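Enquirer: this one's sequence-less:
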């Protein structure tokens, strides 16, 4: 075989192999927001969550439910979803938001606060990024550990019957993959959200 033909042959084979490897790698990488979802009911609250989000034991009596969120075939750390419900008053909305922002290191924190409507209620979307002082153990102990490059999305969800607090916690690159399916889980819509106006 002439040399130039052989070089062309080798180049073609290499290109085919590379393309095949990329396709296989792509098919093996499974996003946490892909796959079937299931309707999960928690104390009257209905959420449409991916089946891969696994319910786990509650770490506190103040938590209605906790879910572990894996990212198969990736280097991303697991995230978690925590759902709270408080009997009686849970504090004023503005004060809660300011407190949540205060759980991050002031040196690198950034945040945005939006509000929107669902088919039967409304919600406030609080998105905070930076170094998170993640609580460890019972709140009364005041213990925490620093979580760098963190992102916490807290949602105050107002339904006709009650108010629920949803908290999505994880690394920024992980939360970026699942914020869309999380918003859809309770009927939120980013396109119709507007800036939240503080009353303080």
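Expert: Right, received. Where do you want to start? Please read these numbers as outputs of a predicted model, since none were measured by experiment.
Enquirer: which residues sit against stretch 141-153?
Expert: 100, 103-105, 125-137, 167-176, 179, 182 (C-beta atoms under 8 Å, 6 or more residues apart in numbering). Just so you know, the C-beta spots here come from the backbone N, C-alpha and C atoms, and that holds for glycine as well.
Enquirer: same thing but 7 Å
Expert: 125-137, 167-172, 175, 179, 182 (C-beta atoms under 7 Å, 6 or more residues apart in numbering).
Enquirer: repeat for stretch 99-116
Expert: So stretch 99-116 is contacted by 97, 122-133, 154, 188-189, 192-196 (C-beta under 7 Å, 6+ apart).
Enquirer: Flag every buried residue along that stretch.
Expert: Of the residues in stretch 99-116, those buried by neighbour count under the rule 16 or more other C-beta atoms under 10 Å are 100-101, 103-104, 109, 113-116.
Enquirer: mind listing which of those are in strands?
Expert: Using DSSP state E, 113-116 are the members of the buried residues of stretch 99-116 that sit in strands.
Enquirer: if we can go back for a sec, quick check on the contacts of stretch 99-116: which are buried?
Expert: Buried among the contacts of stretch 99-116 (16+ other C-beta under 10 Å): 97, 123-133, 154, 188, 193, 196.
Enquirer: which one of those sits closest to residue 45?
Expert: residue 123 (12.0 Å; C-beta to C-beta).
Enquirer: circling back: looking at the buried ones among the contacts of stretch 99-116, spot the one nearest residue 55.
Expert: residue 154 (19.6 Å).
Enquirer: That closest one touches residue 126, doesn't it?
Expert: Yes: in this structure, residue 154 is within contact of residue 126 by C-beta atoms under 7 Å, at 4.4 Å.
Enquirer: ok, back up a step: which members of the contacts of stretch 141-153 occur in helices, if any?
Expert: In helices, defined here by DSSP state H, the members of those are 172, 175, 179, 182.
Enquirer: which one among those residues gets closest to residue 53?
Expert: Out of the ones in helices among the contacts of stretch 141-153, the member with the shortest distance to residue 53 (by C-beta to C-beta) is residue 182, at 9.5 Å.
Enquirer: Tell me, how many residues neighbour that closest one?
Expert: For residue 182, the neighbour count with other C-beta atoms under 10 Å is 24.
Enquirer: still on that earlier bit, can you tell me which of the buried ones among the contacts of stretch 99-116 are in strands?
Expert: Those of those lying in strands (DSSP E): 123-133, 154.
Enquirer: want to throw the buried residues of stretch 99-116 into a markdown table with pLDDT and distance to residue 159?
Expert: Below are these laid out as a markdown table (pLDDT from 0 to 100; distance: C-beta to C-beta, whole Å):
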| residue | pLDDT | distance to residue 159 |
| --- | --- | --- |
| 100 | 95 | 21 |
| 101 | 97 | 25 |
| 103 | 95 | 25 |
| 104 | 97 | 28 |
| 109 | 97 | 30 |
| 113 | 98 | 20 |
| 114 | 98 | 18 |
| 115 | 97 | 15 |
| 116 | 98 | 14 |
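Enquirer: from these, which is closest to residue 67?
Expert: Nearest member of the buried residues of stretch 99-116 to residue 67, counting by C-beta to C-beta, is residue 100, at 19.5 Å.
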